[in-house]
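**Q** give me a model of this one.
(chains A and B)
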Protein chains: 2
Amino acid sequence: MFESAEIGHRIDKETFRKMMPSLREALLDVQYDLKEKADFPVLILIHGFDGAGRGETMNLINEWLDPRLIHTVAFDAPNDEARARPWMWRYWRELPAKGRIGMFFGSHYSDTLFDRVFNRSDRDAFDRQIFDILRFERMLTLDGAVVLKFWFHLSRDKQKQRLKQLEQDQATSWRVTKSDWEHYERYDKIRKYGEHMLRLTNTSHAPWIVIDGEDANYRSLTVANTILEAMRNRIGQPMLSTDRVEAPPLLAPIDNKLVLDALELDRKLDKDAYRAKLEQLQGRLNKLTRDARFARHSLVLVFEGNDAAGKGGSIRRITQALDARRYRVVPVAAPTQEERDKPWLWRFWRNVPGKGGITIFDRSWYGRVLVERVEGFAPEADWLRAYYEINDFEHQLSENGAIVLKFWLAISKDEQLQRFKGREETGFKRFKITDEDWRNRDKWDLYRQAVSDMVDRTSTSKVPWTLVEANNKYFARIKILTTICDALEARLSE
Amino acid sequence: MFESAEIGHRIDKETFRKMMPSLREALLDVQYDLKEKADFPVLILIHGFDGAGRGETMNLINEWLDPRLIHTVAFDAPNDEARARPWMWRYWRELPAKGRIGMFFGSHYSDTLFDRVFNRSDRDAFDRQIFDILRFERMLTLDGAVVLKFWFHLSRDKQKQRLKQLEQDQATSWRVTKSDWEHYERYDKIRKYGEHMLRLTNTSHAPWIVIDGEDANYRSLTVANTILEAMRNRIGQPMLSTDRVEAPPLLAPIDNKLVLDALELDRKLDKDAYRAKLEQLQGRLNKLTRDARFARHSLVLVFEGNDAAGKGGSIRRITQALDARRYRVVPVAAPTQEERDKPWLWRFWRNVPGKGGITIFDRSWYGRVLVERVEGFAPEADWLRAYYEINDFEHQLSENGAIVLKFWLAISKDEQLQRFKGREETGFKRFKITDEDWRNRDKWDLYRQAVSDMVDRTSTSKVPWTLVEANNKYFARIKILTTICDALEARLSE
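**A** Numbering: from 1, shown residues only, chains lettered A, B, ... in the order given. Okay, the predicted model is just below:
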């Protein structure tokens, strides 16, 4: 992979001076085009050997382009906040918005590579991280992003020479740190594992660009030219993902019997039994979340359900049992403009709790395969792909110790009608019923199908869906609380 | 994932009789359509629990469709031939041609699942196999294939009931084997690992279809309907892969300096030195390939190079040293019709040597990124994707113990002209020079760029390219033989 970068590329001063002005102008033009159209982001990753000009290149990009539209992030060792969450969390957070350029110095690749070089991961863990990256980058590029990954290369001898050179010059000696020499001593390992990592992640949608780091003129022109052509190439093209549906069609069952039909929605619990059980379960939940072992976990609760099925009331019965400093309720409505400018899962990654934390989602990422599917807000190709993306997201949460529980609150069509009417009649509940609720009701059967597909494709033993018979609120709340307590108990004693 | 399949689906006899005829007719229509257009294959995988109707479904498909156009394969434990090769080899061999339907009973999924269930693989090996599958199926679907994966489901109780039922009836008792009961005892493990495997491979392009296996009518109609709709949906659509280039453009280096330019093509060796070294190296090669340790490996040699660069002569110097029973030379020209009807890598998978074997490719899969790129025989999106597919292929070979060495024989443009003229003048060499050689020569610079991109993207420390300075044939042959002997020696003593 490094052959071309070791044959000694060089551009003389004069050629550089001749080429540079028009390149800079073109870059600015295309950057403003990107900003105005704002239909995709550009992510630039800077990697490679110390002394190969990575820092200089970042400065150069900020100098040649409009730096106000570039989001530059230098990732160092993860801090406490990041360590308490899935490892990709901190990269999700910093993703550039549509119309912007994000530049990462150190990225998911540095974690992966240096964990291996310094033996913090074995071969299997290394490969697992690489596959996390592959899925991440696939999602970004299908979402429209241009992902450019630069590897600045130097041979071992050249690196030594370069570090010495920098050290000897008073003006640049500060650039060479102890860690640079530590890395130099591990040159062969970095090269070996780096090559393995580059090979496995050198996809056609997000390829590596290996650059000879020796000559600054060559390096600068090559990087600038690559960024320019990649952006030019992408501007004006429709998004790849929405082009065409790859999947065979989703068919309704031939007997029209869906998972929801198997529920006895009318299961009952009387008020007295409810009160007694509620108190007992709230106590149990409180203790479980204060348990010392909970510090290695987190709790993610997802509430979806028919309109008026009682999500809010159920959530309140849970939060009553919790320490207010430990939990957050995240109500999910239509995304804001900021959120729409990021990959669709971004706004949920933002709200991932750290270890010991609890996040309760009142509606969630499942909107993608429910309302966005039914209302046509997301193209078919996108929501079909979302099942895989959701499973991947929840897998990462679960691998990090999160206990993820998902509840679908189901009521009958009649029960919903009663509740809607009741809300309209009761003054203080009137805000809870809108025209949209009535419109959704017209699409009852489409939602029924969407819920069934969702459960079939995203319910797993590690991250299960619980279908809740919710015509009787008491029964529903007790079932939910019991499920949570049982799951917590099981996972804490694993 | 199994929720919908456990709620008890059922279709009564009458409904079945009413729906069946039109469904069968439609299936035959679409099958003949597929055969005539012949622009994609259909691969149907049959999995799930014993007793859930897998065998009956295969029979049904063969009955309702035209079985002459269906290639049905039941995979059992791999035989010696398969065990000596990468594990996916036997699935590659049986891939259906364009216009045909392939049906696998047991497939790459059975190996993967039962290795885990019977503790022949650990979690990491299990996940590695799953990722092999993901890449394999991605390649197939990008190549146009419709991949339908059925999981026939039964709950634990239902399975027991069903096996007993079959056993008690004299007419069906032969269907229940010891292995069925062994699997039943491991129901929970099969379900648990099966779910994990299904979740990770439930992609939007090749999703799992989970089917309630209890009721034969429901099962049959569902399978038939799914196959019908998936084929209908795909017919007439252009291939996904060629729709659009996902990748940022490949740029030539800004100083126009390519890896080939760094070679001193004129490196020399005189005749006497050549003869002495040749004999010595051939002896060494002979011994190495007879070494007992070689039985755990295989040798794959790839020869590419400029026209008239001396590939044939070099290959002869190698085969002279080998036992004729151990090696095969595979000359690669334009694919036959049979080969064109399969995914492009299929014809190379066919020729993968088993352990202890040697295959020498005179031209190879690199044609995809050389002649097919330069001549426009493959669309840009396809040859760009091929770098990744090639690396994946060679990775699988290498993981299986193959020592893969790739040689590019480079001569100068002048030297080529001399050799062309020489060939035209010498009677017995005249067959070696064609109009095509002269046409290729006109595209010298395009090939130069293609070779450089090829080396940059597919040379790795495990599976390296060796660039051979070949203006002097003696020098070239000795360099090649030395490289092979050194590599063999290194790998055998690992």
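**Q** so where is the stretch 151-300 of chain A shaky, pLDDT-wise?
**A** Along the stretch 151-300 of chain A, segments meeting pLDDT under 70 span A:240-244.
**Q** how about the strands in it?
**A** Taking DSSP state E, counting those that start in this stretch, the strands of the stretch 151-300 of chain A run over residues A:208-212, A:298-305.
**Q** near chain B, anything from the first one?
**A** In other words, strand A:208-212. Yes - counting by CB under 8 Å from any CB of the partner chain, contacts between strand A:208-212 and chain B involve residue A:210. Every residue, glycine included, has its C-beta placed from N, CA and C.
**Q** contacts for that strand next, please.
**A** Here strand A:208-212 makes contact (CB atoms under 8 Å, 6 or more residues apart in numbering or on different chains) with A:1-2, A:4-9, A:48, A:148-153, A:198, A:201-202, A:218-219, A:222-223, A:226, B:456.
**Q** what does the longest one give?
**A** By CB under 8 Å, 6+ apart, the list of residues contacting strand A:298-305 from outside reads A:84, A:289, A:311, A:314-315, A:318, A:352-364, A:366, A:370, A:397, A:400-411, A:468, A:470, A:484, A:488.
**Q** direction included, what does that strand pair up with?
**A** With DSSP bridges as the test, strand A:298-305 is paired with strand A:358-362 (parallel), strand A:402-410 (parallel).
**Q** for the top helix by length along chain A, packing partners?
**A** In chain A, assigned by DSSP state H, the helix with the most residues is helix A:13-37. Judged by 3 or more CB pairs under 8 Å, 6 or more residues apart in numbering or on different chains; DSSP states H and E, helix A:13-37 is in contact with helix A:54-64, helix A:216-234.
**Q** closest one to chain B among the ones you listed?
**A** Nearest to chain B among those is helix A:216-234 (3.7 Å), distances taken as CB to the nearest CB.
**Q** near chain B, anything from the closest one?
**A** Yes - shown here: helix A:216-234 in contact with chain B (CB under 8 Å from any CB) through A:218, A:221-222, A:225-226, A:229-230, A:233-234.
**Q** determine which two of those are furthest apart.
**A** A:218 and A:234 (24.7 Å; CB to CB).
**Q** reformat the helices and strands packed on helix A:13-37 as CSV; add distance to residue B:116 and mean neighbour count.
**A** CSV is the format used below for those (distance: least, CB to CB, whole Å; neighbours: other CB atoms under 10 Å in any protein chain shown):
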stretch, distance to residue B:116, mean neighbour count
helix A:54-64, 42, 17
helix A:216-234, 41, 21
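**Q** closest one to residue A:114 among these?
**A** helix A:54-64 (14.6 Å).
**Q** need the contact partners of the closest one.
**A** With contact meaning CB under 8 Å, 6+ apart, helix A:54-64 is reached by A:23-24, A:27-28, A:44, A:46-48, A:70, A:72, A:103, A:105, A:150, A:152, A:175, A:213, A:216, A:219-220, A:223-224, A:227.
**Q** do stretch A:451-463 as well
**A** Here stretch A:451-463 makes contact (CB under 8 Å, 6+ apart) with A:250, A:258-260, A:366, A:369-370, A:387, A:390-391, A:394-395, A:397-398, A:404-406, A:408, A:465, A:467, B:1, B:3-4, B:192, B:195-196, B:199, B:202, B:207, B:210.
**Q** switch to 7 Å and redo it
**A** A:250, A:258-260, A:366, A:369-370, A:387, A:390-391, A:394, A:398, A:404, A:408, A:465, B:1, B:3-4, B:192, B:195, B:199, B:202, B:210 (CB atoms under 7 Å, 6 or more residues apart in numbering or on different chains).
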